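Enquirer: Pasting a predicted model and its sequence here:
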Protein chains: 2
Amino acid sequence: MRCFDSDAHRAHHPRDPIPDAGRLVPPPEVPERAERIRAALDDAGFEVTGPTRRDAPGLRRVHTGAYLRFLEGAHAAWRAATGMPATAEAVPYVRPLRGQPAPAPRHVIARLGWYSHDSDPVLAGTWSAARAAVDLAASAWDAVAAGRCAAAYALCRPPGHHAAADSYAGYCYLNNAAVVAQAWCDQGARVAVLDVDYHHGNGTQQIFYDRDDVLFVSLHADPAHEYPYFLGFAGERGRGAGEGCTRNLPLAPGSDWSAYGPALAAALGEVRAYAPDGLVVSLGVDTALEDGDSFRLVADDFLRIGEAVGGLGRPTVYVQEGGYDLDVLGRNVTNVLLADGR
Amino acid sequence: MRCFDSDAHRAHHPRDPIPDAGRLVPPPEVPERAERIRAALDDAGFEVTGPTRRDAPGLRRVHTGAYLRFLEGAHAAWRAATGMPATAEAVPYVRPLRGQPAPAPRHVIARLGWYSHDSDPVLAGTWSAARAAVDLAASAWDAVAAGRCAAAYALCRPPGHHAAADSYAGYCYLNNAAVVAQAWCDQGARVAVLDVDYHHGNGTQQIFYDRDDVLFVSLHADPAHEYPYFLGFAGERGRGAGEGCTRNLPLAPGSDWSAYGPALAAALGEVRAYAPDGLVVSLGVDTALEDGDSFRLVADDFLRIGEAVGGLGRPTVYVQEGGYDLDVLGRNVTNVLLADGR
């Protein structure tokens, strides 16, 4: 298992409180997350290197050009419009009206609302960090696609699976997993994305919803009770050519392995039936017992996840998604990778 | 000029800071606004009474049933879901993805995002206050439509012109002006809405955008620079049967009477040409010099507005919209009503 990491994520360090089910809470998606995972990787003896690709194959096919231009320039434009300092966080709050005749707006405050689907901030360092995370994902993909290893891991931060083609949210700005899937597709491969984050990967689903060259399978908390609330229901199965290529397996919050294990087996059955040339795993470990309102997976359960994924025997790229309990997320990530066994 | 007011607005008293162009600011739409206006009305010798109608004619034709049910139950549902206290403010933050296949969501946190277009809160008293404001507007309309007076004024708080058929924002939850226009329409009248608030009345525009029985004419700050940013451009002129029945006259922030006067004359020309049976004035006085980033209208300019509206000689219902400088908003409202002369 080759692992890819860099320090570039540190440029994105949100500090202002964010809304979370009624309360304002300190933002949990902080640089220390990646530092803890890196330390666990080192402790476990994994080989960790910096990015080998910086050309982001797939990025411009996953996200729209307008969105990428927005995200790259958003904070500078917002500072110019508001006079706020470099350390301030640009938060979206004004939204378009359903069915309004206007196209994408001009003012940066409106553009923040247009190009997002929650109230997450854009910081001065968001673009560079998100762009560097894509490089790590692409580097891991390159190692696997070129046959240098059977499986690789990208320590992506910020995570990606809530980012849609032209919209960010849920701590996610660029969809690292979708970029890997797209890069593989562009080589003619059939790809499956297995998303085991606690939250539904609404961005990934949306990006591939109409396509049959990427299978998206997600295990997550029932969106009737949990973020992202709007998507992730079992009835969403793809559209048009993509009909049947989206599979959602929502589970009740608080589920433990007795419910999670069978759902994972079903998800892996979907992947096996699709017979992909490459597998992308959106590896959120916020399913851990320690992770506040979540599932109740324990250390051994993450070994089981890795063992099951490894058992598929498909070229695999793991991409880091969520996981917020600083004391266990490193252990849980390494447990998955160790048990994969490749 | 008969005036209508009640204390019911006090149930809606937002206190938590809100985002405003990059900063968090104390919410300016507070009960004291209405108290100051009421004091000015009394001082100026206007006859002010409580509501005479409580059946809200027009309300259920302006807003969707689903939206009204949401708004009435939102705070209680949010408290039940989050465990927050009665005094807490329910703030939307999760939004649907553009083009997503999902219908209106089930979870109250998602419903808050679905049924709003900025980050304003819903409070325990929001529904009762907004519903009472509709009663005041309907009462003013009733007095005019029944021929008991030529013009009447409703001291509506919360205001209404940013509220669309199924979405709230901009301190507005139920569209008082649209309710009056609809009630008149339902009697077979042709109606014009003249919106002189500093901000574009995007909700009112959206409600009547496809219709030719209501002319919507708005003078406001250019949305390229000001809230609501997404709508209010000169090119928006209605759609389908409503083509030509929306007229936007955006002005540069900081404009004084030298620019405002000619634009008002043009707006009144549109109203005159439409020859409405009834006129609704969305009376925002946040165009005042004292109102922070705004236009630069002074006390005499509000006399000129009232004189011009009165000079149209149409049955007229004034509905209070914005105006946030507590020291001058009462004077500016009464100046309009006094100069109307009816």
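Expert: Received the coordinates, thanks. Bear in mind the structure is a predicted one, so any value in this text is a computation, not a measurement. Numbers count the residues shown, from 1 in each chain, chains lettered A, B, ... in the order given.
Enquirer: Quick check: pLDDT value at residue A:100.
Expert: Confidence at residue A:100, expressed as pLDDT, is 78.
Enquirer: now swap in residue A:21 and tell me
Expert: At residue A:21, pLDDT is 81.
Enquirer: Relative to residue B:79, how far out is it?
Expert: With distances taken as C-beta to C-beta, to the nearest Å, residue A:21 is found 12 Å from residue B:79. For the C-beta atoms, the positions are set from N, CA and C on the backbone; glycine is no exception.
Enquirer: before we move on, what about residue A:201?
Expert: For residue A:201, the distance to residue B:79 - C-beta to C-beta - is 30 Å.
Enquirer: quick one: which of those two has more around it?
Expert: residue A:201 (34 against 17; other C-beta atoms under 10 Å in any protein chain shown).
Enquirer: residues near the residue nearest to the more buried one when sequence neighbours are not counted, how many?
Expert: Once flanking residues are discounted, residue A:201 sits nearest to residue A:161: 3.6 Å by C-beta to C-beta, 6 or more residues apart in numbering or on different chains. Counted with other C-beta under 10 Å, residues neighbouring residue A:161 total 34.
Enquirer: ok, residue A:161 touching residue A:174?
Expert: No. In this structure, residue A:161 is not within contact of residue A:174 by C-beta atoms under 8 Å, at 10.7 Å.
Enquirer: buried stuff in the biggest helix by length in chain A?
Expert: In chain A, with assignment by DSSP state H, the single longest helix is helix A:126-145. Of the residues in helix A:126-145, A:126-145 count as buried by neighbour count, 16 or more other C-beta atoms under 10 Å in any protein chain shown.
Enquirer: Stretch A:36-51 too?
Expert: Those would be A:36, A:37, A:38, A:40, A:41, A:44, A:46, A:51, for stretch A:36-51 by 16+ other C-beta under 10 Å.
Enquirer: Using PDB, write out the CA atom coordinates for that stretch.
Expert: Extracted in PDB, the C-alpha atoms of stretch A:36-51 (Å, rounded to 0.1, in the frame of the first residue of the first chain):
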ATOM      1  CA  ARG A  36      -2.900  12.400  13.300                       C
ATOM      2  CA  ILE A  37      -3.500  10.200  10.300                       C
ATOM      3  CA  ARG A  38       0.000  10.800   9.000                       C
ATOM      4  CA  ALA A  39       1.500   9.900  12.400                       C
ATOM      5  CA  ALA A  40      -0.500   6.700  12.500                       C
ATOM      6  CA  LEU A  41       0.600   5.800   9.000                       C
ATOM      7  CA  ASP A  42       4.200   6.400  10.000                       C
ATOM      8  CA  ASP A  43       3.800   4.400  13.200                       C
ATOM      9  CA  ALA A  44       2.300   1.500  11.200                       C
ATOM     10  CA  GLY A  45       5.300   1.500   8.900                       C
ATOM     11  CA  PHE A  46       3.600   2.600   5.700                       C
ATOM     12  CA  GLU A  47       5.700   4.200   3.000                       C
ATOM     13  CA  VAL A  48       4.400   7.800   2.700                       C
ATOM     14  CA  THR A  49       5.500  10.100  -0.100                       C
ATOM     15  CA  GLY A  50       4.600  13.500  -1.600                       C
ATOM     16  CA  PRO A  51       2.600  13.900  -4.700                       C
END
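Enquirer: Pull the distance from it to the chain's centre.
Expert: 19 Å (C-alpha atoms, centre = their mean, to the nearest Å).
Enquirer: who's in contact with that stretch?
Expert: Among residues not part of stretch A:36-51, those counted as contacts by C-beta atoms under 8 Å, 6 or more residues apart in numbering or on different chains are A:1-6, A:132, A:135-136, A:138-139, A:153, A:155, A:320, A:323, A:326, A:329-331, A:333-334, A:337-338.
Enquirer: If you go by neighbour count, which of the residues you listed are buried?
Expert: Buried subset of those (neighbour count, 16+ other C-beta under 10 Å): A:1-6, A:132, A:135-136, A:138-139, A:153, A:155, A:320, A:323, A:329-331, A:333-334, A:337-338.
Enquirer: Of the residues you listed, which belong to strands?
Expert: Judged by DSSP state E, strands contain the following of the buried ones among the contacts of stretch A:36-51: A:2, A:3, A:4, A:153, A:320.
Enquirer: Now do the contacts for the third one.
Expert: Contacts for residue A:4 were tallied using C-beta under 8 Å, 6+ apart; they are A:48-52, A:136-137, A:139-140, A:143, A:152-155.
Enquirer: Residue A:30 is in contact with residue A:13, isn't it?
Expert: Yes. Assessed by C-beta under 8 Å, residue A:30 is found in contact with residue A:13 at 6.4 Å.
Enquirer: Now do the helices in the stretch 151-300 of chain A.
Expert: Along the stretch 151-300 of chain A, counting by DSSP state H, counting those that start in this stretch, helices occupy A:176-185, A:202-208, A:257-274, A:299-312.
Enquirer: Go through those helices and name the closest to chain B.
Expert: Of all the helices of the stretch 151-300 of chain A, it is helix A:202-208 that lies closest to chain B, at 5.4 Å by C-beta to the nearest C-beta.
Enquirer: Counting by contacts, list what the closest one packs against.
Expert: Where contact means 3 or more C-beta pairs under 8 Å, 6 or more residues apart in numbering or on different chains; DSSP states H and E, helix A:202-208 is packed against helix A:176-185, strand A:191-195, strand A:214-221, strand A:246-251.
Enquirer: what does the second one rub up against?
Expert: When you say that, I think you mean strand A:191-195. A:161, A:177-178, A:181, A:184-185, A:201, A:204, A:208, A:213-220, A:267-268, A:270-271, A:274, A:276-282, A:284, A:309, A:314, A:321.
Enquirer: filter those residues to the buried ones?
Expert: Counted by 16+ other C-beta under 10 Å, the contacts of strand A:191-195 give A:161, A:177-178, A:181, A:184-185, A:201, A:204, A:208, A:213-220, A:267-268, A:270-271, A:274, A:276, A:278-282, A:284, A:309, A:314, A:321 as buried.
Enquirer: nearest spatial neighbour of residue A:125, skipping sequence neighbours?
Expert: residue A:11 (2.8 Å).
Enquirer: Check the gap between the one you found and residue A:140 for me.
Expert: 20 Å.
Enquirer: And for residue A:27?
Expert: 26 Å.
Enquirer: contacting residues around residue A:156?
Expert: Shown in contact with residue A:156 (C-beta under 8 Å, 6+ apart): A:133, A:134, A:136, A:137, A:176, A:319, A:320, A:321.
Enquirer: just checking, the last one touches residue A:163?
Expert: No. Contact between residue A:321 and residue A:163 fails when scored by C-beta under 8 Å: they sit 10.9 Å apart.
Enquirer: before we move on, the earlier item: on contacts alone, who are the packing partners of the longest helix of chain A?
Expert: Packed next to helix A:126-145, using 3+ C-beta pairs under 8 Å, 6+ apart, are strand A:2-4, helix A:65-82, strand A:151-154, helix A:176-185, strand A:316-320.
Enquirer: Tell me which of the ones you listed lies nearest to residue B:228.
Expert: Of all the helices and strands packed on helix A:126-145, it is helix A:65-82 that lies closest to residue B:228, at 15.4 Å by C-beta to C-beta.
Enquirer: so what's residue A:319 up against?
Expert: For residue A:319, the contacting residues are A:137, A:140, A:153-154, A:156, A:160, A:176-177, A:180, A:280-283, by C-beta under 8 Å, 6+ apart.
Enquirer: Next, the distance between the ends of stretch A:311-325.
Expert: End-to-end distance for stretch A:311-325: 28 Å, by C-alpha to C-alpha, to the nearest Å.
Enquirer: so how far is that stretch from its chain's centroid?
Expert: Relative to the centre of its chain, stretch A:311-325 is centred 10 Å away, using C-alpha atoms, centre = their mean.
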